[in-house]
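Peer 1: Sequence first, then the predicted structure:
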Amino acid sequence: MIALNVNGEDRSVDVPDDMPLLWVLRDVIGLTGTKFGCGIAQCGACTVQLDGQPVRSCVLPVASVGSRHVTTVEAIGTTQSGKKVQQAWLDLEVIQCGYCQSGQIMSASALLERNPDPSDSDIDAAMSGNICRCGTYARIRAAIKQAAKA
């Protein structure tokens with residue numbers, strides 16, 4: 001059994017140590033907001049936060065999580081930055097197909113937690129690991145700036 005804290009709730013899962021956190025979240029716990037994209041940590045669709053830092057859950061073995069707190073898109077709205085980011089995403093209609101957006105939101109909210117007034121280069125650096133196949137990058141940047149001002 002592996003003990004995890006996911007979205008503020010202690011959980012025990014009976015899975016292999018090397019099972020990626022993504023599959024534990026989706027298939028074992030039932031939190032399907034985190035998406036599978038590439039499986040090699042390149043696209044960012046699987047981004048969750050570990051103690052507030054964005055990580056790619058598709059390549060993170062569940063046993064390596066330890067006592068760190070996992071936050072998924074299902075709970076990001078309970079944080080101040082997450083709530084602002086989600087509202088800005090809605091206000092500016094960032095979402096097109098939506099597949100990558102949970103990862104985008106997780107990276108953006110982590111950025112605003114550590115840097116409440118990011119420059120364009122800060123945003124570019126923080127979001128560089130998140131690919132949007134629909135090309136909503138301009139709306140993503142505008143939403144992050146709006147969330148920072150909120």
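Peer 2: That came through, no problem.

Peer 1: how is the chain carved up into domains?
Peer 2: Using automatic domain parsing, the domain parsing of the chain gives 2-71, 76-149.

Peer 1: any chance of these in a markdown table, plus mean pLDDT?
Peer 2: Shown next, in a markdown table, are the domains of the chain (pLDDT from 0 to 100):
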| stretch | mean pLDDT |
| --- | --- |
| domain 2-71 | 98 |
| domain 76-149 | 97 |
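
Peer 1: could those go into a markdown table alongside mean neighbour count?
Peer 2: In this view, the C-beta of every residue, glycine as well, is placed from N, C-alpha and C. Below are those laid out as a markdown table (neighbours: other CB atoms under 10 Å):
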| stretch | mean neighbour count |
| --- | --- |
| domain 2-71 | 18 |
| domain 76-149 | 18 |
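
Peer 1: And the residue nearest the centre of this structure?
Peer 2: residue 106 (2.8 Å; CA atoms, centre = their mean).

Peer 1: Look up which helix or strand that one falls in, please.
Peer 2: helix 101-114 (DSSP states H and E).

Peer 1: same thing with residue 133?
Peer 2: Assessed by DSSP H and E, residue 133 sits outside every helix and strand.

Peer 1: thought it was touching residue 97?
Peer 2: Yes - assessed by CB atoms under 8 Å, residue 133 is found in contact with residue 97 at 7.3 Å.

Peer 1: Tell me how far residue 126 lies from residue 54.
Peer 2: Remark: distance between residue 126 and residue 54 (CB to CB, to the nearest Å) = 8 Å.

Peer 1: what sits against the closest residue to the residue nearest to the centre of the chain other than its chain neighbours?
Peer 2: Leaving aside its sequence neighbours, residue 106 sits nearest to residue 47 (CB to CB, 6 or more residues apart in numbering; 4.3 Å). Applying CB atoms under 8 Å, 6 or more residues apart in numbering, we find residue 47 in contact with 34, 54-57, 102-104, 106-107, 129-130.
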